[in-house]
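Q: fold the following.
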Amino acid sequence: MASSTVTSSQSPTPPRPNLAFRRLRGQRSPAEFAAAVRRAAREIGESVSCDARYVGRVEAGEIRCPNYAYERVFLHMFPGRTLTDLGFASRAAVRGRRVRTTGETPGAYEPYDTQDTRDTQDPDETYDDYEESDVLRRAFMTGGGATVAAASLGPIGLALDAAAAGRPVRRAGTGEAGALEEAVRRIRLLDDRHGADGLYQRAAAPLRAAYALLDAGATRQTTADRLHSGAGELAISVGWLAHDSGRFDDARSHYAEALATARVTGDDALEAHAFCNTAFLARDSGRPREAVRAAQAAQRVARPLGSPRLMSLLSLREAGGWAGLADRTGCEQALARAQAYFERGLSDADPEWMSFYGEAELEGLEAQCWSALGDWRRAARHARRAADLQDPHFTRNIALYTAELADDLARGGRPDEGAAAGLRVLELLGEVQSSRVQTMLAATARVLLPHRRAAGVSAFLERHASLPRTG
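A: Residues are numbered from 1 along each chain as shown. As a prediction, this is how the structure comes out:
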């Protein structure tokens, strides 16, 4: 992997802080306000990956106008106000276009037809308002659901096209770095909703484009750092899609690439994330001792980062390894640490990628530990709590926790309840494509087969048998 080339350029005009937005945040911390934004998004059927860093960038004036999803959320949170009232610039001004007059024909400006607002003395500088990138918006809004148009992904798609054609890829600026970060967010969001199976093949193209951008270099060191971090996070996201769809060798390769990227750049946060997923993969691949070692390595790297929630998740990864080794004492100690860290609450240092990690995930991962230890009653209790607590946005996780519950109930001698839970999972399979969930259901069906005369069990077995074969 080639190191990024950094060139000096004329300093841009510093952004003007958004004091109006800061006043609206009031006494809440950036993390608390970000959580309120995510809640408001769910109220209107939107999903945004808002975190403390995003709030800070808005307040610093780095994001002059939010994208369409954030716009709808902010206007829902503050009814009666306009974007201007919230301290944002007009959309036309941010894009560098003239404002359309009354007599102009709608659609006269096509999404790719932006005017060049870059300083002509700095040919390598890139327009720095990716939050309102029409190219990205088109890439992510064409098609629906799991058919994500991720192969284009705006500026990073252009890098892929250039590399495929044998042309040199131009050095990346902040627009490309922003497109890469948005690609990671979008893939995570779609996985939350639909599961991994329909996304993995499409996500490989933007990952190749990301590393093509790294090889081409960047206009500034800050941009190079963002590219490395974004490429590493994208490698982890694509690795997770491979992991969740049962492609363990592919997942291991992607996680190793992310770990190498983290080590090259000294990015501790990325390294902790890569180790976290490596531990999870090792557990699922039947290598529990490796899972323990990877989780412990992640904790050593993550401890100085100051995020109790991250340490909680990493302790759960370690607990899963101990459970796989049938070490009940080691598992219980790790679970206790996970709970203690979790109770410390949210922090501004919590990584953006951890938006999935709340009480429901804590309960779900603990359920998996007790299941591995053969304590079906306790596993079922935690799995039920996980499914009940899960945010409706995370459809894939609801299916996962309910599948865990079905299996725990079936193995714990409650076949009728297990079948009822299994039927609820089958209802979700129209929205979720996850080999993990389907594998769990198949195992549950085998356990329930001797009880097919029990109430509700035959209905589940018949519905499950009618599922289309995959692979």
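Q: would you mark the buried spots in the helix or strand harbouring residue 360?
A: Using DSSP states H and E, residue 360 sits within helix 359-372. Of the residues in helix 359-372, 360-372 count as buried by neighbour count, 16 or more other C-beta atoms under 10 Å. No exception for glycine: its C-beta is placed from N, CA and C like everyone else's.
Q: now do it, average pLDDT.
A: The average pLDDT within helix 359-372 is 96.
Q: contacts for stretch 290-304, please.
A: Identification of contacts with stretch 290-304 by C-beta atoms under 8 Å, 6 or more residues apart in numbering yields 268-269, 271-272, 275-276, 278-280, 282-283, 310-311, 314-315, 317-318, 320-322, 324-325, 330.
Q: which among those end up buried?
A: Buried, going by 16+ other C-beta under 10 Å: 269, 271-272, 275-276, 278-280, 282-283, 310-311, 314-315, 317-318, 320-322, 324, 330, out of the contacts of stretch 290-304.
Q: doesn't residue 341 lie inside a helix?
A: Yes: applying DSSP: H, G, I helix; E, B strand; the rest coil, one finds residue 341 inside a helix.
Q: contacts only, for it.
A: So residue 341 contacts 308-309, 311-312, 315 (C-beta under 8 Å, 6+ apart).
Q: let's see it at 7 Å
A: For residue 341, the contact set (C-beta atoms under 7 Å, 6 or more residues apart in numbering) comprises 308, 311-312, 315.
Q: and the helix holding residue 360, what does it pack onto?
A: Contacts defined by 3 or more C-beta pairs under 7 Å, 6 or more residues apart in numbering; DSSP states H and E place helix 359-372 against helix 308-324, helix 328-342, helix 376-389, helix 395-411.
Q: in the third one, what counts as buried?
A: Using 16+ other C-beta under 10 Å as the test for burial, helix 376-389 gives 376, 378-387, 389.
Q: what sits against residue 243?
A: Contacts for residue 243 (C-beta under 7 Å, 6+ apart) come out as 251, 281.
Q: wait, is residue 15 part of a strand?
A: No: with three-state DSSP as the criterion, residue 15 is assigned coil and is not in a strand.
Q: excluding chain neighbours, what is closest to it?
A: residue 61 (3.4 Å; C-beta to C-beta, 6 or more residues apart in numbering).
Q: and for residue 328?
A: Leaving aside its sequence neighbours, residue 328 is closest to residue 373 (5.8 Å, by C-beta to C-beta, 6+ apart).
Q: contacting residues around stretch 356-363?
A: Residues outside stretch 356-363 that contact it (C-beta under 7 Å, 6+ apart): 192, 309, 313, 338, 342, 382, 385-386, 389-390, 394, 397.
Q: and the two most separated of the residues you listed?
A: Distance extremes for the contacts of stretch 356-363: the farthest pair is 192 and 338 at 21.6 Å, using C-beta to C-beta.
Q: look at these two and report which has more neighbours.
A: Legend: neighbour count by other C-beta atoms under 10 Å for residue 192 and residue 338, higher for residue 338 (23 against 19).
Q: how about the nearest residue in space to that one that is not next to it in sequence, what does it touch?
A: Once flanking residues are discounted, residue 338 sits nearest to residue 315: 3.8 Å by C-beta to C-beta, 6+ apart. Neighbouring residues of residue 315 by C-beta under 7 Å, 6+ apart: 334, 337-338, 341.
Q: rewinding a little: possible to save the helices and strands packed on helix 359-372 as a markdown table with distance to residue 434 and mean pLDDT?
A: Output for these, formatted as a markdown table (distance: least, C-beta to C-beta, whole Å; pLDDT from 0 to 100):
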| stretch | distance to residue 434 | mean pLDDT |
| --- | --- | --- |
| helix 308-324 | 18 | 98 |
| helix 328-342 | 24 | 98 |
| helix 376-389 | 15 | 96 |
| helix 395-411 | 6 | 94 |
